[in-house]
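*Asks:* Got a sequence here, can you build the structure:
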Amino acid sequence: MSEVHLSDNIEAYEAMREELERDHTGLWVVVHDRKLLGIFADFEAAADAAVDKFGRGPYHIRQIGVAPPHLSSSMLYRVLS
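*Replies:* Now for the predicted structure:
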């Protein structure tokens with residue numbers, strides 16, 4: 001089994017994006033291991049579900065229909081102890 005990276009989860013989201021935007025704009029989604037974990041009403045619910053199920057990740061949490069923020073590479077990742 002190959003290792004899944006965050007970029008793989010983002011790519012999987014992009015493949016689902018059109019359908020998600022049609023049916024769930026404004027809600028939050030979690031993608032892990034290239035699969036949809038679920039659709040949530042707010043970021044906190046999505047993050048709680050992701051952490052409960054997968055721990056540190058990698059997983060992709062995104063608000064459907066909203067452009068991702070543009071952050072410098074130093075702000076994209078945070079090491080958890």
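
*Asks:* contacts and neighbour counts: CA atoms only from here.
*Replies:* Will do.

*Asks:* for this structure, what's the longest helix?
*Replies:* helix 6-24 (DSSP state H).

*Asks:* what does that one rub up against?
*Replies:* Here helix 6-24 makes contact (CA atoms under 8 Å, 6 or more residues apart in numbering) with 31-36, 58-60, 64-65.

*Asks:* okay, who's weakest in those by pLDDT?
*Replies:* Ranked by pLDDT, the contacts of helix 6-24 bottom out at Pro58, which has 82.

*Asks:* thought that one was touching Val31?
*Replies:* No - the pair Pro58 / Val31 is not scored as a contact, 9.1 Å apart, by CA atoms under 8 Å.

*Asks:* Which one's more surrounded, these two?
*Replies:* Neighbour count, other CA atoms under 10 Å: between Pro58 and Val31, Val31 has more, with 25 against 18.

*Asks:* From what I see, that one and His60 are in contact.
*Replies:* Yes - the criterion here is CA under 8 Å, and Val31 meets it with His60 at 5.1 Å.

*Asks:* where along this structure do the helices fall?
*Replies:* Under DSSP H, the chain gives helices at 6-24, 43-54, 73-76.

*Asks:* mean pLDDT for those: which is lowest?
*Replies:* helix 73-76 (a mean of 58).

*Asks:* Just the C-alphas of stretch 59-73, formatted as CSV.
*Replies:* Only the C-alpha atoms of stretch 59-73 are listed here, as CSV (Å, rounded to 0.1, in the frame of the first residue of the first chain):
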residue,chain,number,x,y,z
TYR,A,59,-6.5,14.7,5.8
HIS,A,60,-8.0,17.6,3.9
ILE,A,61,-10.7,19.8,5.5
ARG,A,62,-12.3,22.3,3.1
GLN,A,63,-15.4,24.5,3.0
ILE,A,64,-17.3,23.5,-0.2
GLY,A,65,-17.5,26.2,-2.8
VAL,A,66,-15.1,28.6,-1.1
ALA,A,67,-11.7,29.2,-2.6
PRO,A,68,-8.8,28.0,-0.4
PRO,A,69,-6.8,30.6,1.4
HIS,A,70,-3.4,31.5,-0.1
LEU,A,71,-0.9,31.0,2.7
SER,A,72,2.9,31.0,2.6
SER,A,73,4.5,27.6,2.9
